[in-house]
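Enquirer: Below are the sequence and a predicted model for it; my questions follow.
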Amino acid sequence: MAAEDRLGIDPSVPNVARMYDYWLGGVHNFAADRQAAEEILAAVPEARASAAANRAFVRRVVRFLAADAGISQFIDIGAGLPTQGNVHEVAQEVNPVARVVYADYDPVVVAHGRALLMGNPSAASILGDVRRPEEILANPELRSLADLSQPVALLLTGVLHFIDDADADGAYSIVRRLTASLSPGSYLAVSHGCAEGMNTEPTSEPGNPVANAVFRRSTVAHALWSRSRAEVSRFFVGCELLAPGVVWVPEWRPESGGDVTNPGRSHFLGALGRLP
Ligand SMILES: C[S@@+](CC[C@H](N)C(=O)[O-])C[C@H]1O[C@@H](n2cnc3c(N)ncnc32)[C@H](O)[C@@H]1O
């Protein structure tokens with residue numbers, strides 16, 4: 001079954017956005033999501049901490065962009081269910097007029113996003129599949145909030161590992177097509193699953209085999225496509241990579257007192273680049 005056919009609100013199909021919500025301690029999940037998330041936890045016990053480390057990375061990146069880089073427009077694709085410290089909350093805390101467009105291909109995610117954003121004229125949640133980047137950027141709601149002739153921050157966090165290189169339009173082409181439409185001085189933030197150092201037998205596909213089996217019967221309908229540090233760096237070809245480069249997410253500009261012990265156990269690499 002194609003991923004699109006599994007989306008929507010069928011509560012018997014584990015939904016990756018709701019599984020992630022469960023790991024983050026959220027309440028927008030059903031029994032099938034919790035069971036699938038627990039199966040992964042049994043194989044990868046650090047999955048919960050890993051989701052939290054990824055969210056903390058997103059918050060630090062957005063705060064840096066809004067506070068230090070002067071960015072006031074954000075496009076967050078593969079946004080996920082609303083959670084604590086959403087992008088618009090972090091950005092608008094720094095700059096109350098910051099504009100944020102969330103996009104996700106999951107109608108449940110978009111519905112929750114719309115409910116949360118009701119009454120916030122500077123943020124929107126739109127339906128869009130990252131594999132069709134031009135459609136997302138042409139979306140009238142996005143265009144009414146984001147002026148692409150000015151720098152924006154494009155956030156692709158925790159989503160590109162759901163695009164495998166077997167797709168006709170591989171993840172690299174998607175990122176190139178998105179960034180090609182952005183103005184100079186825009187930023188690209190990526191976080192990405194990486195199985196490096198994971199305690200599993202080598203298999204023909206990257207990642208953890210138990211987790212991949214769960215993802216195959218979930219809404220994404222295929223394995224989580226782990227990429228190496230070099231492969232994640234490739235998303236930033238043509239960008240100026242900001243220090244500290246492509247690192248485990250806890251290592252990306254940790255706040256004072258931030259825990260960076262065993263950063264590789266986050267299983268997420270992250271980086272921020274600037275378009276020249
Ligand atoms: C793990 S969540 C990441 C949420 C958030 N970006 C973060 O980093 O915390 C992954 C999200 O990507 C979305 N997603 C997966 N494939 C997608 C696609 N082809 N187009 C748009 N969104 C997608 C899922 O629906 C889910 O909400």
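Expert: It's in.
Enquirer: Would you enumerate the residues in contact with whichever residue of the chain sits closest to the ligand?
Expert: Minimum separation of the chain from the ligand (CB to the nearest ligand atom) falls at Gly80, amounting to 2.7 Å. (Glycine included, C-beta is placed from N, CA and C.) Contact partners of Gly80, counting by CB atoms under 8 Å, 6 or more residues apart in numbering, are 17, 20-21, 104, 109, 158.
Enquirer: Can you check the pLDDT for it?
Expert: According to the prediction, Gly80 has pLDDT 95.
Enquirer: near the ligand too, which of the contacts of Gly80?
Expert: Filtering these for proximity to the ligand by CB under 6 Å from any ligand atom leaves 17, 20, 104, 109, 158.
Enquirer: Any chance of a markdown table for these, columns neighbour count?
Expert: Formatted as a markdown table, the entries for these read as follows, by neighbours: other CB atoms under 10 Å:
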| residue | neighbour count |
| --- | --- |
| Ala17 | 25 |
| Tyr20 | 21 |
| Asp104 | 25 |
| Val109 | 26 |
| Gly158 | 26 |
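Enquirer: Can you convert the contacts of Gly80 into a markdown table and add a column each for secondary structure?
Expert: Formatted as a markdown table, those follow (DSSP: H, G, I helix; E, B strand; the rest coil):
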| residue | secondary structure |
| --- | --- |
| Ala17 | helix |
| Tyr20 | helix |
| Asp21 | helix |
| Asp104 | strand |
| Val109 | helix |
| Gly158 | coil |
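Enquirer: The protein against the ligand: which residues are in contact?
Expert: Contacts of the chain with the ligand, taken as CB under 6 Å from any ligand atom, map to 16-17, 20, 54-55, 58, 77-80, 104-106, 109, 129-131, 157-159, 162, 191, 220.
Enquirer: So which bits of stretch 108-125 are buried?
Expert: Applying a neighbour-count criterion of 16 or more other CB atoms under 10 Å, one finds 108-110, 112-114, 116-117, 122-125 buried in stretch 108-125.
Enquirer: Any idea how far it is from the middle of the chain?
Expert: For stretch 108-125, the distance between its averaged C-alpha position and the chain's averaged C-alpha position is 17 Å (CA atoms, centre = their mean, to the nearest Å).
Enquirer: Not counting its own residues, what contacts it?
Expert: 7-9, 15, 17-18, 28, 79-82, 86, 88, 92, 97-104, 126-127, 141-142, 144-145.
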